[in-house]
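# Quick one, fold the following:
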Amino acid sequence: MQDSITKDARLALDLALTIRHDGHGGVADDLTDPAGLTAWVRDHTDDLPVPAGFVADEATLAAVRDLRAAVRALFAHAVRPGAPSPADAARLMPVPEAVERLNTAAARMPTVPVLHWADDAEPVVHPRPLPEGADLTAVLAQAATAFLAGADRRRLRACHAPRCVRYFLKDHPRQEWCKPSCGNRARVARHHERHKA
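Numbers count the residues shown, from 1 in each chain. This is a model prediction of the structure:
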């Protein structure tokens, strides 16, 4: 992924990528328990307004997993006419339900628009949470909403290398895979197919 993507795009992609190839031909889920979510959130403290020492509970885990299912369904919708990630292609929720879940989660944290205007730049508006504090699921939902409504969405692709289940942002016109190792696996698989035939 290129470094110039927005914070919202990075958070939305990173949430979707908590479902990944496990290195053994299967799919791994980084959010199977509260400890997994706690570790993921602590890896993203620069982008998430969580208190120091954040520890996830079962309710937060369930809410984030529910949101992730909606985000992955909307990613699958966004990459059309391309195929979605094989990790959940057979069990994607309907788009209207995914949109409703995303909007409901985003509404859990009211925000106010805050204008920033440096002398040498265009004005920019950033939402700021109201003083009651931030809701993790709402922050993630708002990031996913901003990403899906933004220009970066057009670069979203599902990686179709053997065993890969990732989504990625296409950095250049010829990019087909999320990372070089996936490209290598795809080329090896094509080579074996040609020689088998």
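# In this protein, what residue spans correspond to helices?
Ranges of helices in the chain, per DSSP state H, are 7-16, 34-43, 58-78, 95-106, 136-149, 180-196.
# do you know how far the residue lying closest to Phe75 once chain neighbours are set aside is from Thr18?
In this structure, Phe75 finds its nearest non-sequential neighbour in Tyr167, 5.1 Å apart by C-beta to C-beta, 6 or more residues apart in numbering. All C-beta atoms are positioned from the backbone trio N, CA, C, and that covers glycine. To Thr18, Tyr167 is 11 Å away according to C-beta to C-beta, to the nearest Å.
# which stretches of this protein have low pLDDT?
Low-confidence segments of the chain (pLDDT under 70): 1-3, 129-133, 186, 189, 191-192, 197.
# repeat that with 50
Where the chain drops to pLDDT under 50, the residues are 1-2.
# neighbours around the closest residue to Cys159 other than its chain neighbours, how many?
Distances taken as C-beta to C-beta, 6+ apart put Cys178 closest to Cys159, at 4.0 Å, once the chain neighbours are dropped. When neighbours are defined as other C-beta atoms under 10 Å, Cys178 has 25 of them.
# do the same with Pro113
Neighbourhood size, Pro113 [other C-beta under 10 Å]: 8.
# Pretty sure it sits against Val125.
Yes: counting by C-beta atoms under 8 Å, Pro113 does reach Val125; the two are 4.8 Å apart.
# re the thing from before, between Tyr167 and Thr18, who's got more neighbours?
The residue with more neighbours, out of Tyr167 and Thr18, is Tyr167; 24 against 18, by other C-beta under 10 Å.
# List the contacts of that one.
Leu13, Ala16, Leu17, Arg72, Phe75, Val79, Ser85, Leu156, Arg157, Ala158, Cys159, Cys178 (C-beta atoms under 8 Å, 6 or more residues apart in numbering).
# how far away is Ala9 from Arg163?
The separation that Ala9 has from Arg163, given C-beta to C-beta, amounts to 25 Å.
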